[in-house]
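Asker: Please find the sequence and the predicted model below.
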Amino acid sequence: MNNAGVQITQLCESWWDSLADSSRAEQHRYAEQLLRLLGWQQPIPFSPKEGAQALSALPYLLRAGGQTTVAAYFVLPGTLEPPAAVVELGLDFCPATRILTEEARTLNVQYAFITDMYRSYFYDLSTDDLLLHASDPRSFNDELVLVLRRDQMERGALEELRRPPRSSVARGLREWCTHWIENIARTGSIREETATLAIDRMLVMRYLFQHDLFRRTKRRLEDRFEALSARAANNDPMGCGADLKRLFHDMWFDWQIDLFEANPELDKVIENDAIAAPLLKEFGLMSRCKFNIATILESFNHGEPGEKLRVRMVPDQNEERAHYLSRQTLATVDDARVEIDLMEEGYRAIFHWFDKVVKLYERLEVDYNTQTHQANPVTPDEDLFAWSERDADRPEACADHIAHACERGFGMYYNGMHQYRVGRLMLTLHLISSYAQRGSAVRKMPSLENVLIKRPVVLAAHRVMGTGPDDSPGAAEALPR
């Protein structure tokens, strides 16, 4: 350790030793002395907001060459939880760093450095990534000093920092999910299969509230979720369980999302405040970078080798299926159906073939509109009845493309409850993403009842390869399942 490193270690240890006799002015002196050791002779203090005030935090802005700005917060010893313990739970924030990073994000800065001069966290605010952390002054010297020094920051050291790989982020999510599934099952004396449903609902809620969907009612339910999470974070658990159960109910009642359909066994457990409050509190301490489809799918890349392969498997082109879809017309499209086999094709096939079906509907809708307009040009005085007559023979698939795909055009065979769980979760997330990308307002989610099919012991080849079951008339047009 060089001389500056020794000085930093001594300064941090001295601050902790003298805390009992320290004043606010003394806190400022220690913070600015540490920054000077890092090369920041004139850090920019700014007025703390409500959260920072409650934590007695001293905020400074560190600006490097006008390109990069770091919000640096100094809090009192004991305010921060040990970063190693936080990361071990699969979390990205402790309660204090969550509050301070949310406030820092409103300042339009790129990074946040939060320290009690013993424990330290460093975040990329644009992605929510916890880039670096230290549990003591020595590891602070080893991990953070090099990037926080002014000369290093000015040469672009922060932009060179390696972001956590997806596998690492997914592992943290998996560890958290596994811990809570086991905890809910054990505490509530229920099957893990049922406990899993609670975690999948939490994942779907977090993902859904990040997208512009269900515009008529989304804000209301999102506000309830945020208020509930805030109560749990503020250690106000009374009634959290009952409110979470009601929120789950309303996600089903308002939006018909299959995952939220009533489950009395789970309802009885989740209304227990001793389960719901800490679940909500920890859930709010995870980065939003964990809640995308790719990371959630990657979190299932563990355990049985076959299941790991299904997570990573690239969808086969399957020329028979592609040819089958290319042959569809406005006369046949409503009855067309593609079915995939999760056991043989993996989970990425869900996205690939579902999108192929929807794109078929979109292509044929263009054809229908073109043909209709050419045959019956629109007149300026055309009334509602004329529009209805014009639209009477429109294929159902050319109305709500995504809903029709779920109701009639797409299916997937699952083998066992794990494949059922992953398949349903991934398709639910993909539906949310698909609707959001199209920018269309959605009243409710389509049912997945006709999508998920229990796989028979022997699945005939024609069901998944797109060839007919026999040589009888019409066999060439048999549905590829």
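Answerer: Now that the structure is in, tell me what you want to look at. Here the structure is a predicted model, which means the values were calculated and not measured.
Asker: list the buried ones in stretch 411-431?
Answerer: By neighbour count on 16 or more other C-beta atoms under 10 Å, the buried set for stretch 411-431 is 411-415, 418-431. C-betas here are computed from N, CA, C, even on glycine.
Asker: out of those residues, which are inside strands?
Answerer: Gly411, Met412, Tyr413, Tyr414 (DSSP state E).
Asker: list the contacts for the most centrally placed residue in the chain?
Answerer: Closest to where the C-alpha atoms of the chain average out (C-alpha atoms, centre = their mean) is Phe291, at 1.4 Å. Phe291 makes contact with Leu203, Arg206, Tyr207, Gln210, according to C-beta atoms under 8 Å, 6 or more residues apart in numbering.
Asker: And the residues you listed, which of them are buried?
Answerer: Members of the contacts of Phe291 classed as buried by 16+ other C-beta under 10 Å are Leu203, Arg206, Tyr207.
Asker: okay if I get those as CSV plus secondary structure and pLDDT?
Answerer: CSV is the format used below for the buried ones among the contacts of Phe291 (DSSP: H, G, I helix; E, B strand; the rest coil; pLDDT from 0 to 100):
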residue, secondary structure, pLDDT
Leu203, helix, 98
Arg206, helix, 95
Tyr207, helix, 96
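Asker: mind giving me the domain split of this structure?
Answerer: Here the domain parsing of the chain from automatic domain parsing is 3-154, 166-293, 303-477.
Asker: Tell me which stretches of the stretch 51-200 of the chain form strands.
Answerer: Taking DSSP state E, counting those that start in this stretch as the test, the strands found in the stretch 51-200 of the chain are 58-64, 68-74, 111-115, 120-124, 129-134.
Asker: Oh, that last question was meant for the stretch 351-481 of the chain, not what I typed.
Answerer: Assignment of strands within the stretch 351-481 of the chain using DSSP E, counting those that start in this stretch yields the ranges 410-414, 452-454.
Asker: Redo those strands as JSON lines? Include distance to Pro137 and mean pLDDT.
Answerer: Formatted as JSON lines, those follow (distance: least, C-beta to C-beta, whole Å; pLDDT from 0 to 100):
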{"stretch": "strand 410-414", "distance to Pro137": "52", "mean pLDDT": "97"}
{"stretch": "strand 452-454", "distance to Pro137": "54", "mean pLDDT": "96"}
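Asker: Can I get those in JSON lines including distance to Glu143?
Answerer: Shown next, in JSON lines, are the strands of the stretch 351-481 of the chain (distance: least, C-beta to C-beta, whole Å):
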{"stretch": "strand 410-414", "distance to Glu143": "44"}
{"stretch": "strand 452-454", "distance to Glu143": "46"}
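Asker: what's the closest of the ones you listed to Gly241?
Answerer: strand 452-454 (29.4 Å; C-beta to C-beta).
Asker: how far is that closest one from where the chain is centred?
Answerer: 26 Å (C-alpha atoms, centre = their mean, to the nearest Å).
Asker: Could you list every helix and strand in contact with that strand?
Answerer: Here strand 452-454 touches strand 410-414, helix 417-438, going by 3 or more C-beta pairs under 8 Å, 6 or more residues apart in numbering; DSSP states H and E.
Asker: the inter-axis angle of the last one versus strand 410-414?
Answerer: Taking axes from the mean of the first three to the mean of the last three C-alpha atoms, to 10 degrees, one finds that helix 417-438 is oriented at 150 degrees with respect to strand 410-414.
Asker: And for helix 417-438, what's in contact with it?
Answerer: So helix 417-438 is contacted by 193, 196, 200, 203-204, 207-208, 211-213, 257-259, 293, 296-297, 300, 307, 310, 342-343, 347, 350-351, 354-355, 358, 402, 406, 412, 414, 442, 445-446, 448, 451-452 (C-beta under 8 Å, 6+ apart).
Asker: contacting residues around Arg171?
Answerer: Applying C-beta under 8 Å, 6+ apart, the residues contacting Arg171 are Gly90, Ser299.
Asker: what about the stretch 151-300 of the chain, any weak spots by pLDDT?
Answerer: Across the stretch 151-300 of the chain, nothing is flagged by pLDDT under 70.
Asker: Could you pull out the helices in it for me?
Answerer: Ranges of helices in the stretch 151-300 of the chain, per DSSP state H, counting those that start in this stretch, are 166-188, 192-208, 218-233, 240-255, 264-270, 273-283, 293-298.
Asker: Using the neighbour-count criterion, name the buried positions in the last one.
Answerer: Within helix 293-298, the residues that count as buried by 16+ other C-beta under 10 Å are Thr295, Ile296, Leu297, Glu298.
Asker: how many neighbours does Ser168 have?
Answerer: Neighbour count of Ser168, defined by other C-beta atoms under 10 Å: 10.
Asker: same check, this time on Pro83
Answerer: So Pro83, with other C-beta under 10 Å, has 25 neighbours.
Asker: My read is that it contacts His133, right?
Answerer: Yes: under the criterion of C-beta atoms under 8 Å, Pro83 makes contact with His133 at 3.6 Å.
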